[in-house]
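Novice: Sequence first, predicted model second:
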Amino acid sequence: MLRTGRQLIRFSKIKTYLSVLGLNQAIYYSLLNKTFSAVAQPTILYFIAKNLSFIEQGYYYTFYSILALNIFLELELGVVITHFSSNEFGTLSWTPKGALQGDGLALSRLLSIIKKSLVWYGAIVSKPLEDMYPFSIREEPWAEMIVKPLEE
């Protein structure tokens, strides 16, 4: 797409303003993306509350929460757990019977890491599955919603 002279002058002025602020083009596009999201998300929530029935909203938010789990999984919690576990495992060893032995403090911290990771992963998996229970029977999902659905 060819730009006219006026568009090039306007674009160069924007680049000048950005460079004075210490912002490069990548930061500009990132800020533009965040601004768009800040405007789009409330608009989407309004249209969902206005146009979808209670049941449809329940399914929408349930599947949205399942997709949001991707954020937690992309945080690479497993890598962090492996790192800290391997650090504690440095003073431990396996017995011939398959049990861990060694420093009591390191063993205690390792078991604490395992317990907390099971709680986190259990919560990540169980909450969306709990929300998938039939929506029309329970009142609990409606009470926990941040954005209440509009009355039909």
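Specialist: Received the coordinates, thanks. Remember, it's a predicted structure, so these values are computed and weren't measured experimentally.
Novice: For the rest of this, base every contact and every neighbour count on C-alpha atoms.
Specialist: Fine.
Novice: Just read off the phi/psi values of G102.
Specialist: Comment: the main-chain dihedrals of G102 come out as phi 140, psi -150, following degrees, to the nearest 10.
Novice: burial count for it?
Specialist: Close neighbours of G102, defined as other Cα atoms under 10 Å, add up to 14.
Novice: I48 too?
Specialist: Counted with other Cα under 10 Å, the neighbours of I48 add up to 19.
Novice: Roughly how far does it sit from Y59?
Specialist: When Cα to Cα, to the nearest Å is applied, the distance between I48 and Y59 equals 12 Å.
Novice: Kindly report the same for K13.
Specialist: For K13, the distance to Y59 equals 47 Å [Cα to Cα].
Novice: Please identify which of the two sits among more neighbours.
Specialist: Set side by side, K13 and Y59 give different neighbour counts by other Cα under 10 Å, the larger being at Y59 (16 against 12).
Novice: what's the helix or strand harbouring that one packed up against?
Specialist: Assigned by DSSP states H and E, Y59 belongs to helix 54-74. If you count contacts as 3 or more Cα pairs under 8 Å, 6 or more residues apart in numbering; DSSP states H and E, helix 54-74 packs onto helix 104-131.
Novice: Report all helices and strands that the helix it packs on contacts.
Specialist: Contacting helix 104-131 under the criterion 3+ Cα pairs under 8 Å, 6+ apart are the following elements: helix 54-74, helix 77-89.
Novice: how many other residues sit next to S93?
Specialist: Residue neighbour count, defined by other Cα under 10 Å, stands at 13 for S93.
Novice: Ignore what I typed, I meant T62.
Specialist: 20.
Novice: Report the mean per-residue pLDDT for the one helix or strand Y46 maps to.
Specialist: With the criterion set as DSSP H and E, the secondary-structure element containing Y46 is helix 25-51. Rounded to a whole number, the mean pLDDT of helix 25-51 is 87.
Novice: relative to helix 54-74, how tilted is that helix?
Specialist: Inter-element angle recorded for helix 25-51 and helix 54-74: 150 degrees (by axes from the mean of the first three to the mean of the last three Cα atoms, to 10 degrees).
Novice: For helix 25-51, buried residues please.
Specialist: Buried residues in helix 25-51, counted by 16 or more other Cα atoms under 10 Å: 48-49.
Novice: for stretch 103-119, same thing?
Specialist: When burial is assessed from 16+ other Cα under 10 Å, stretch 103-119 yields the following buried residues: 106-107, 110, 113.
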